[in-house]
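> return a 3D structure for these sequence lines:
(chains A and B)
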Amino acid sequence: MKIATWNVNSIKARLENAERWLKDFQPDVVCMQEIKCIDENFPSQVFEDLGYNVAVHGQKTYNGVALLSKTPMEDILIGLPGDESDDHARFIEATITTQSAPVRVASLYLPNGNPTDTPKYPYKLGWMDRLITHAEELLKSEEPFVLAGDYNVIPTEDDVWDPGAWWGDALYRQETLDQYRRLTNLGLTDGFRTCHGQSHRYSFWDYQRGAWQKDHGIRIDHLLMSPQAADRLKGADIDRSPRGWERPSDHTPVWVEID
DNA sequence: ATGCCGGGCGAAGCCCGA
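Residues are numbered from 1 along each chain as shown, chains lettered A, B, ... in the order given. Below is the predicted model:
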């Protein structure tokens, strides 16, 4: 089965592109971020007509995440545990039923954190604390799971077109990388990086300054897999094509295939 | 280094993203 993650930057603005990509690529599960609408305005019917079950954690104007799955979803978790006062819609998780073993899949939109001298940055680091705690809980089950989404983290210098220009940004600075390593060091596998050694493969290109045309991108959309999911990893890639379409999102889909 | 782009909201111009 193919599991994809895509920050669509408004599902209303991206509906045509999303439909086109789903028909082209036929993913089994899609983790969407930045849908930028409340649950009632998510175009669930469009996706149901394409054969998907839909779970949404929406929010007006900002954030918002969703899960699409060809097979039914169970035990849907809305919101990242650990802070009842956090009202950002940035996390949804469900168990994807399959013919063989079920897989737990999360769609997450990790806070950007800029500017770093404002409360936005400690919010990012605290959100990562909660994600680490939640991953620790999931690992106790020893079941396959995939934490997929827009992490707003550039893992290494190989994942950014100009490391010097980006160092110090909330996406690429020591405290952020320390937190990201705490997460991956629990035993999670970056699906794309495991399948591809080449550097400078990106999942985001800014709308400005011709970033797409110059391939000035960053790799910040990741699928982190539990040991039991990573054991079943058959392939992974970044699908650059939707970034080149008319009226694109600034992110493009990333996917893994597991058996 | 930035808000040059693009989206939301709402009907002009500001907020936000990375």
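> give me the element the residue most central in space within chain A is part of.
Taking Cα atoms, centre = their mean, the centroid of chain A lies closest to A:Gly149, which sits 0.9 Å from it. A:Gly149 belongs to strand A:145-150 when assigned by DSSP states H and E.
> what packs against that strand?
Secondary-structure packing of strand A:145-150 (3 or more Cβ pairs under 8 Å, 6 or more residues apart in numbering; DSSP states H and E): strand A:2-7, strand A:29-33, strand A:103-109, helix A:120-140, strand A:221-225, helix A:227-230, strand A:254-258. C-betas here are computed from N, CA, C, even on glycine.
> contact partners of the one helix or strand in chain A whose mean pLDDT sits lowest?
Every helix and strand of chain A was ranked by mean pLDDT, DSSP states H and E. The lowest is helix A:163-166, at a mean of 95. Helix A:163-166 has contacts (Cβ atoms under 8 Å, 6 or more residues apart in numbering) with A:Ile154, A:Glu157, A:Val160, A:Tyr172, A:Ile218.
> now for these: which two are most distant?
By the measure Cβ to Cβ, A:Glu157 and A:Ile218 form the most distant pair in those, at 11.0 Å.
> higher neighbour count, these two?
Between A:Glu157 and A:Ile218, counted using other Cβ atoms under 10 Å, the more crowded position is A:Ile218 (24 against 14).
> any regions of the stretch 51-200 of chain A where pLDDT drops low?
Scanning the stretch 51-200 of chain A for pLDDT under 70 picks out no residues.
> 90 - rerun?
When residues are selected by pLDDT under 90, those of the stretch 51-200 of chain A lie in A:98-101.
> what residues does it put near DNA strand B?
Proximity of the stretch 51-200 of chain A to DNA strand B, by Cβ under 7 Å from any atom of the strand, involves residues A:60-62, A:111-112, A:114-115, A:120, A:150, A:152, A:165, A:168-171.
> who wins on neighbours among those?
A:Asp150 (28 neighbours).
> which residues touch the closest residue to A:Lys70 other than its chain neighbours?
Excluding the flanking residues, the one nearest A:Lys70 by Cβ to Cβ, 6 or more residues apart in numbering is A:Asp28, at 4.9 Å. For A:Asp28, the contacting residues are A:Met1, A:Lys2, A:Ile3, A:Ser69, A:Lys70, A:Thr71, A:Ile96, by Cβ under 8 Å, 6+ apart.
> again, only using 6 Å
Listed by Cβ atoms under 6 Å, 6 or more residues apart in numbering, the contact partners of A:Asp28 are A:Met1, A:Lys2, A:Lys70.
> can you tell me how far it is from A:Val103?
Separation of A:Asp28 from A:Val103 (Cβ to Cβ, to the nearest Å): 10 Å.
> just to revisit the earlier point, of all the contacts of helix A:163-166, which comes closest to A:Lys12?
Nearest member of the contacts of helix A:163-166 to A:Lys12, counting by Cβ to Cβ, is A:Ile218, at 25.2 Å.
> ramachandran angles for that closest one?
Per-residue torsions, A:Ile218: phi -140, psi 150 (degrees, to the nearest 10).
> so what's it bridging to?
With DSSP bridges applied, A:Ile218 shows beta-bridge pairing to A:Val160, A:Phe204.
> what sits against it?
A:Ile154, A:Val160, A:Tyr202, A:Phe204 are the contacts of A:Ile218 under Cβ under 6 Å, 6+ apart.
> state the pLDDT value of it.
Note on A:Ile218: pLDDT of 98.
> distance of it from A:Cys31?
19 Å.
> my read is that A:Val54 contacts A:Val46, right?
No - between A:Val54 and A:Val46 there is no contact, the gap being 9.4 Å when judged by Cβ atoms under 6 Å.
> who has more neighbours out of those two?
The residue with more neighbours, out of A:Val54 and A:Val46, is A:Val54; 19 against 16, by other Cβ under 10 Å.
> tell me who's in contact with A:Glu19.
No contacts exist for A:Glu19 under Cβ under 6 Å, 6+ apart.
> just say helix, strand or coil for it.
Of the three states, A:Glu19 takes helix under DSSP: H, G, I helix; E, B strand; the rest coil.
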